[in-house]
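**Student:** Next one to model:
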Amino acid sequence: MTVLRGHGAAEPAGAGESDAAAGRARSKWRLLASLAYPVVILCAWRWDSPRFVGLLLLVLLWMQRVAGTGALAATLRKLTPVDWAVAVMLNVASVAIVITNSERLMRLYPSLVNIGLLVAFGATLVKGPSMVEKFARLTYADPPAHIVRYTHRVTQLWCIFFALNSAFSAWTALAWPTRAWSLYNGMLSYLIIGALLAGEFVWRKWIMLPRAARREAV
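**Tutor:** Below you'll find the model as predicted:
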């Protein structure tokens, strides 16, 4: 059985369901890789093998990028220059850890991740739309001007956080014991991120949006 789609094009009735299932599978793989990263950092001090940690980090990078996405070439073609720069930096760092078995390089890796996030978020401030605006467009297809301004400011705040966290993470890598470094970079920094997300949600839901609604009503 087929259904018509577009200008008379026939498509199997189950194609939409298959695409949706594939999308969910991709999301699960990427979520798994994202959640596994802080666990790897948190456990790094116990494994006492930078080379093993570097190999796991390399696997997670490729899981986030290509797992469940189809042809590798097609996936790589979608990368922007900024994506390439960040991907190359983190892949080179992971390979360097594997080759050298350097604990210092391993401990600097979270700082590089924050630099990558800073570059990714900061680039959207230059070209637009901002990173947070892209997320907002999942809810608002055509967000009003006050939403665009707000998301721009929130993206700027995340850039400040990533810059500060990168510097602090580098300091923990150079000055803290490995166990304390693992605890901060694998757990505490993510608790801070969670607190920032919760604070932004509260501000947006109960302060920013009501203010905007009152201004529009005047």
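
**Student:** Find the nearest non-adjacent residue to residue 132, please.
**Tutor:** Take residue 132 and drop its neighbours on the chain: the residue closest to it by CB to CB, 6 or more residues apart in numbering is residue 151, 4.0 Å away. For every residue, glycine as well, the C-beta is placed using N, CA and C.

**Student:** what do you get for residue 165?
**Tutor:** Nearest residue to residue 165 in three dimensions, chain neighbours excluded: residue 114, at 4.9 Å (CB to CB, 6+ apart).

**Student:** show me what contacts that neighbour?
**Tutor:** Residue 114 makes contacts with 162, 163, 165, 166, 169, as judged by CB atoms under 8 Å, 6 or more residues apart in numbering.

**Student:** Pretty sure residue 34 sits against residue 61.
**Tutor:** No. If you go by CB atoms under 8 Å, residue 34 and residue 61 don't touch, sitting 11.0 Å apart.

**Student:** Low-confidence stretches in the protein?
**Tutor:** 1-27, 66-78, 216-218 (pLDDT under 70).

**Student:** give me that answer again for 80
**Tutor:** Residues of the chain that meet the criterion pLDDT under 80 lie in 1-31, 33, 64-79, 140, 209, 211-218.

**Student:** the strands in it, which residues?
**Tutor:** 2-5, 9-12 (DSSP state E).

**Student:** can you pull out the helices in this structure?
**Tutor:** 15-47, 50-66, 72-77, 81-100, 103-127, 131-136, 145-175, 178-183, 189-203, 209-217 (DSSP state H).

**Student:** Send over the last one as CSV, restricted to the C-alpha atoms.
**Tutor:** Taking only C-alpha atoms (Å, rounded to 0.1, in the frame of the first residue of the first chain), the coordinates of helix 209-217 have been written out as CSV:
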residue,chain,number,x,y,z
LEU,A,209,7.7,36.3,29.3
PRO,A,210,5.2,37.9,31.7
ARG,A,211,7.0,41.2,31.3
ALA,A,212,6.9,40.9,27.5
ALA,A,213,3.2,40.0,27.6
ARG,A,214,2.4,43.1,29.8
ARG,A,215,4.4,45.4,27.4
GLU,A,216,2.4,44.0,24.4
ALA,A,217,-0.9,44.5,26.3
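
**Student:** Show me which positions of that helix end up buried.
**Tutor:** The neighbour-count check on helix 209-217 (16 or more other CB atoms under 10 Å) flags residue 212 as buried.

**Student:** Give me the contact list for it.
**Tutor:** Taking CB under 8 Å, 6+ apart as the rule, helix 209-217 contacts 144, 146, 147.

**Student:** Tell me what angle that helix forms with helix 189-203.
**Tutor:** Orientation of helix 209-217 against helix 189-203 (axes from the mean of the first three to the mean of the last three CA atoms, to 10 degrees) gives an angle of 30 degrees.

**Student:** how much does helix 209-217 deviate in direction from helix 145-175?
**Tutor:** Using the same axes, to 10 degrees: helix 209-217 against helix 145-175 is 160 degrees.

**Student:** returning to that earlier point: just flag the most distant two among the contacts of residue 114.
**Tutor:** Longest distance between any two of these is 10.8 Å, between 163 and 169; criterion CB to CB.
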